[in-house]
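[1] Give me coordinates for this.
(one chain, ligands or ions: 3)
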Amino acid sequence: MVVLSQSVVEDFSHVSTCKVRPPSSNNSTTNNNNNSCNGIPVIDLLNPEAKTQIIDACQEFGFFKVINHGIPLEFITNLEAEAVKFFNLPQSEKDKAGPANPLGYGNKRIGRNGDVGWIEYLLLSANSDQSSQNSINFPGDPQLFWSCVNEYVRAVKNMACEVLEMIAEGLKIEGPKDVLSKLLRDENSDALFRLNHYPPCPDQHQLQVPLMSGSRNLIGFGEHTDPQIISVVRSNNTSGLQISLKDGTWVSVPPDQYSFYLNVGDSLQVMSNGRFRSVKHRVVADGLKSRVSMIFLGGPPLNEKIAPLSSLMEDGEESLYKEFTWLEYKKSAYMTRLADNRLRFFEKSPGAASAAGH
Ligand SMILES: C=C1C[C@]23C[C@@]1(O)CC[C@H]2[C@@]12CC[C@H](O)[C@@](C)(C(=O)O1)[C@H]2[C@@H]3C(=O)O
Ligand SMILES: O=C(O)CCC(=O)C(=O)O
Ligand SMILES: [Fe+2]
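    Ligands and ions are numbered 1, 2, ... in the order given. Alright, predicted model coming up:
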């Protein structure tokens, strides 16, 4: 475990509220029609071609940006304001909501297995039944905070479900289009919600934190894949998120506070029998500006069997993975380090899925 210098560690003070563009006439966020941004596919959800574009993006990148998503700007700005308020509290107040286990307030430590980053965060349940939230001792005005979280999560989850329905249609699989989205809509779905704050870093020379290899950049959130089905990322206008391409090159994701980035998680890679990529991503902390991100991680009910969709399998096609429940996968994932390949324990012939470029 890397030990951080105490004086710098406590200095997480200057979190700025995002400046937002005036709302458009329908009060939802809109954007231009470019269909790629730094090589990353941009999907206009109102475009009739969106379904096929999403399938291509999930296969090639496991990652894409969505515009014209219909989520009201005020849901985003209200929640961001609450997040900023929380992260601006004195350290002793924030600590009341921690330590993260795995839910709650975490500071530098990510997970239980020794990962650290230049980050503080709140990890919350996003289930419709949020009784588990009661164990978090939230300081300040908890009622306003939770109402902003609930309003945002409901809208983002609904958008993620619509995208999963477009995926089911785009894959031209037989049967109902809710084959994937029903797993998130289920009242027992195991979804998480995460507010991340990457503070500016005053003097990197004094720090004893992990640096990116071959550079002086600080790791905010080390490279990893998300174990769930699909994740929806929104950040303020500070850069830092990077994704790994098939050839291993890292690409910076241009920040866009009006749009969302969606990424394929391990479970969707399995359900697509390796057609889709669970994208490796990481966050490099910006030395000067603070980054605030909000991530919805859509997982299925704990007892759900995760296996390739039978409606997708072609004649004679074999499953690349052993069958498992989400609970089994989650337990196993939480014993791993961030950068580990968590799916390898569940591959039928070890390495086959990765060797095939998945
Ligand atoms: C090191 C870890 C943190 C993590 C649990 C794990 O053991 C491996 C997966 C990590 C991850 C990545 C995506 C999400 O941010 C997260 C909440 C999740 O479900 O899996 C985190 C876990 C965490 O921060 O607890
Ligand atoms: O903060 C971000 O932009 C991404 C964080 C992330 O990948 C995660 O929380 O799983
Ligand atoms: Fe992630």
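[2] Around ligand 1, pick out the residues from the stretch 251-358 of the chain.
    Leu297, Ala333, Tyr334, Thr336, Arg337, Leu338 (Cβ under 6 Å from any ligand atom). Yep, even glycine has a C-beta here, placed from its N, CA and C like the rest.
[3] Make a markdown table out of the residues you listed and add pLDDT.
    Below are those laid out as a markdown table (pLDDT from 0 to 100):
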| residue | pLDDT |
| --- | --- |
| Leu297 | 98 |
| Ala333 | 98 |
| Tyr334 | 97 |
| Thr336 | 97 |
| Arg337 | 97 |
| Leu338 | 98 |
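[4] Identify the bridge partners of the residue lying closest to Trp250 once chain neighbours are set aside.
    Setting aside the residues directly before and after it, Trp250 is nearest to Gln242 in space (Cβ to Cβ, 6 or more residues apart in numbering), at 4.7 Å. Applying DSSP bridges to Gln242 gives these bridge partners: Ser252, Arg282.
[5] is the one helix or strand Lys108 maps to anywhere near ligand 2?
    Secondary structure assignment for Lys108, by DSSP states H and E: strand 104-110. No. Using Cβ under 6 Å from any ligand atom, strand 104-110 stays clear of ligand 2, with a minimum separation of 8.5 Å.
[6] Run through the stretch 51-200 of the chain and note the low-pLDDT ranges.
    128-134 (pLDDT under 70).
[7] Single out the residue in it that lies closest to ligand 2.
    With Cβ to the nearest ligand atom, the shortest gap between the stretch 51-200 of the chain and ligand 2 falls at Asn196, namely 4.1 Å.
[8] Can you check what angle separates the helix or strand just after the strand holding Lys108 from strand 104-110?
    Of the helices and strands lying after strand 104-110 in sequence (DSSP H and E), the nearest is strand 115-125. Put simply, strand 115-125 runs at 160 degrees to strand 104-110, going by axes from the mean of the first three to the mean of the last three Cα atoms, to 10 degrees.
[9] Just the CA trace of strand 115-125, in PDB.
    In PDB, the C-alpha atoms belonging to strand 115-125 read as follows (Å, rounded to 0.1, in the frame of the first residue of the first chain):
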ATOM      1  CA  ASP A 115      -5.500  -0.500  -5.100                       C
ATOM      2  CA  VAL A 116      -5.100   3.200  -4.500                       C
ATOM      3  CA  GLY A 117      -5.600   6.300  -6.700                       C
ATOM      4  CA  TRP A 118      -5.800  10.000  -6.500                       C
ATOM      5  CA  ILE A 119      -9.500   9.900  -5.900                       C
ATOM      6  CA  GLU A 120     -12.200  10.200  -3.200                       C
ATOM      7  CA  TYR A 121     -15.700   8.800  -3.900                       C
ATOM      8  CA  LEU A 122     -19.100   7.800  -2.700                       C
ATOM      9  CA  LEU A 123     -20.200   4.300  -3.700                       C
ATOM     10  CA  LEU A 124     -24.000   3.800  -3.400                       C
ATOM     11  CA  SER A 125     -26.600   1.200  -4.100                       C
END
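[10] ok, which stretches of the stretch 151-300 of the chain are helices?
    Listed in chain order, the helices of the stretch 151-300 of the chain (DSSP state H, counting those that start in this stretch) span 181-185, 266-271.
[11] CA atoms only: put the longest one into CSV for me.
    The C-alpha trace of helix 266-271 is given here as CSV (Å, rounded to 0.1, in the frame of the first residue of the first chain):
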residue,chain,number,x,y,z
ASP,A,266,-17.9,-8.1,-18.4
SER,A,267,-21.4,-9.5,-18.1
LEU,A,268,-22.5,-8.1,-21.5
GLN,A,269,-19.3,-9.5,-23.0
VAL,A,270,-20.3,-12.9,-21.8
MET,A,271,-24.0,-12.5,-22.8
